[in-house]
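**Q** no letters, just coordinates:
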């Protein structure tokens, strides 16, 4: 069964350092999402791509976060510089074109900023 | 304001027992409601999906209900198993892609 792949699974970094996460969606899925989930809360959408274009990045802290999906397949989310409050689970999800409610999630990257 | 509140925040039950998790909402209108199961350190996995016009949907030992009058949804788990220990999150879809998430209920099943 096809799955969304994410790496790394765990990342520990010091504040002010740069960190990057990678996501490979299910093959053929046009839409890709990055979420941030703080412990004990539901996921918060950071950015949504349709193919290589950003559809929604209204909740992305653009002073330090950036995301790209250059070829409309895999995607990278970067934080520079990392802050203590960025410690969270970063989830990637993908869905088929025009079926946004059918989101399939990856295992997530657990980020700890020290 | 479109909000989703889940209760209880956490719940501990013995293996084999039944339980019901609640989701109160003010989201309006919405297209569908989905319940997710999220194991610790993993991404959410869909359990059930219901349109706004449906009242109940089952998936094995999981049964979701939707009451539009009281603006409540519930997830009932029958004959709980140790593997049911996880967080359960209700999510509403507004428009084409806006998802409104609850904070989840953390369920612990004890042997």
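**A** Structure received. Nothing here was measured: the structure is a model prediction, and the numbers come from that model.
**Q** partners of residue A:10 in the sheet?
**A** On the basis of DSSP bridges, residue A:10 is bridged to residue A:110.
**Q** and if you look at residue B:67?
**A** Partner residues in beta bridges with residue B:67, using DSSP bridges, are residue B:72.
**Q** isn't it up against residue B:56?
**A** No. If you go by CB atoms under 8 Å, residue B:67 and residue B:56 don't touch, sitting 9.9 Å apart. The C-beta positions use only the backbone N, C-alpha and C, and glycine is treated the same way.
**Q** check what pLDDT the residue lying farthest from the centre of chain B gets.
**A** The centre of chain B is farthest from one residue, residue B:111, which by CA atoms, centre = their mean lies 22.9 Å away. Looking at residue B:111, its pLDDT stands at 96.
**Q** what separation do you get for the residue lying closest to it once chain neighbours are set aside and residue B:38?
**A** Excluding its sequence neighbours, the residue lying closest to residue B:111 (CB to CB, 6 or more residues apart in numbering or on different chains) is residue B:15, at 5.2 Å. Separation of residue B:15 from residue B:38 (CB to CB, to the nearest Å) stands at 20 Å.
**Q** who has more neighbours out of these two?
**A** When neighbours are counted by other CB atoms under 10 Å in any protein chain shown, residue B:15 and residue B:38 differ, and residue B:38 comes out ahead with 22 against 14.
**Q** just the strands in chain A please.
**A** Using DSSP state E, the strands of chain A run over residues A:5-7, A:10-13, A:19-24, A:31-37, A:44-50, A:53-56, A:65-68, A:75-79, A:88-95, A:104-105, A:109-113.
**Q** same question for chain B.
**A** B:4-7, B:10-14, B:19-25, B:32-38, B:45-51, B:56-59, B:62-67, B:72-77, B:86-94, B:98-101, B:105-110.
**Q** need the strands of chain A in CSV (columns: mean pLDDT).
**A** Below are the strands of chain A laid out as CSV (pLDDT from 0 to 100):
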stretch, mean pLDDT
strand A:5-7, 97
strand A:10-13, 96
strand A:19-24, 97
strand A:31-37, 95
strand A:44-50, 94
strand A:53-56, 92
strand A:65-68, 97
strand A:75-79, 97
strand A:88-95, 96
strand A:104-105, 92
strand A:109-113, 97
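**Q** turn the ones you listed into CSV, columns for mean neighbour count.
**A** Formatted as CSV, those follow (neighbours: other CB atoms under 10 Å in any protein chain shown):
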stretch, mean neighbour count
strand A:5-7, 17
strand A:10-13, 14
strand A:19-24, 19
strand A:31-37, 24
strand A:44-50, 20
strand A:53-56, 13
strand A:65-68, 17
strand A:75-79, 19
strand A:88-95, 24
strand A:104-105, 21
strand A:109-113, 18
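**Q** show me the beta-bridge partners of the most centrally placed residue in chain A.
**A** Centroid check for chain A by CA atoms, centre = their mean gives residue A:34 as the closest residue, at 3.0 Å. Beta bridges link residue A:34 to residue A:47, residue A:92, judged by DSSP bridges.
**Q** wait, what's in contact with it?
**A** The contact partners of residue A:34, taken as CB atoms under 8 Å, 6 or more residues apart in numbering or on different chains, are A:23, A:45-48, A:67, A:75, A:77, A:90-92.
**Q** what of residue B:17?
**A** B:79-80.
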